[in-house]
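Enquirer: What follows is a predicted structure for the sequence shown.
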Amino acid sequence: MVIDDKTYESLARVGKILALRGLNTSHSGNISIRSGGKMVIKRRAAMLGWLKREDLVETSLEKEDSYSLIASTESAVHRGIYNETDAMAIIHAHCPFCTTLSLIEDEITCIDAEGVFKYKRIPVIELDVPIGPKEAAEKVPPVLKDYKVCVVRSHGVFAKGMTIEDALANVTGAEHSAEIRYLTMLTRQPLKRDYSEEKSFKKW
Ligand SMILES: [Zn+2]
């Protein structure tokens, strides 16, 4: 298993951005890229913001292999997403605003212009056990067939992308929309313009 320089550098950079932006704790979250019939994913318990080359492992997309034991605890979710969607890269992060809104809403409706343009709405997934990969591996992949990003209630987001940077754009974009929605709700003022009521939005 050899992780090339380009893969290591882009995953380490994205991991650091997620940590420094406060979108994960020191040890939460995981990232991966599709690599042929395999995926390169963060090692279990490694610090996402300070990845060393040996913190990345390559494991099969078909079944568990000898690397599965040391790969991220959420590997089964990533494997399911790669097998059921067009994802080329995946990020899981504990974004505070998306997670906060997931506690009080069944979906996060974007009200800022970029969020409306890119995401429209961000689905919230309810799991009996919101932490741990088993149920998430069943319920997250079907949702990411149709959406770029979703939130597991009280836990965090899973986002896909064509590259790891594209997945990062979807995580930070969704979180930015959730923050604007949250701040707008705090004002307790009605919206001057509600995109969610407009025809083009309903048709999505
Ligand atoms: Zn998590």
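Expert: Structure received.
Enquirer: And the strands in this structure?
Expert: 30-35, 38-42, 56-60, 89-93, 107-109, 121-125, 149-152, 156-161 (DSSP state E).
Enquirer: For the fourth one, which strands pair with it and how are they oriented?
Expert: When sheet partners are counted by DSSP bridges, strand 89-93 sits next to strand 30-35 (antiparallel), strand 156-161 (antiparallel).
Enquirer: ok, now the shortest one?
Expert: Listed by DSSP bridges, the sheet partners of strand 107-109 and their directions read strand 121-125 (antiparallel).
Enquirer: Distance from the chain centre to the partner strand, please.
Expert: Its chain's C-alpha centre and that of strand 121-125 lie 12 Å apart, by Cα atoms, centre = their mean, to the nearest Å.
Enquirer: and if you look at stretch 158-169?
Expert: Taking Cα atoms, centre = their mean, one finds stretch 158-169 lying 8 Å from the centre of the chain it belongs to.
Enquirer: Tell me the spacing between residue 47 and residue 16.
Expert: Using Cβ to Cβ, to the nearest Å, residue 47 is found at 10 Å from residue 16. Backbone N, C-alpha and C define where each C-beta goes, glycine included.
Enquirer: Please say which of the two ends up with more neighbours.
Expert: The neighbour comparison of residue 47 against residue 16 (other Cβ atoms under 10 Å) goes to residue 47, with 18 against 15.
Enquirer: My guess is that one contacts residue 27. True?
Expert: Yes. Under the criterion of Cβ atoms under 8 Å, residue 47 makes contact with residue 27 at 5.8 Å.
Enquirer: OK, contacts around the residue nearest the centre of the chain?
Expert: In the chain, the residue lying closest to the centroid (Cα atoms, centre = their mean) is residue 158, at 2.5 Å. Contact analysis of residue 158 by Cβ atoms under 8 Å, 6 or more residues apart in numbering lists 77, 81, 90, 91, 92, 136, 140, 144, 149, 150, 152.
Enquirer: quick one, what contacts the closest residue to residue 37 other than its chain neighbours?
Expert: Taking Cβ to Cβ, 6 or more residues apart in numbering, and ignoring the residues beside it in sequence, residue 37 has residue 61 as its nearest neighbour in space, at 5.6 Å. Contacts here follow Cβ under 8 Å, 6+ apart; on that basis residue 61 touches 34, 37, 38, 39, 79, 82, 83.
Enquirer: how about the residues you listed, which pair is most distant?
Expert: By the measure Cβ to Cβ, the contacts of residue 61 have their two most distant members at 38 and 83, which lie 12.0 Å apart.
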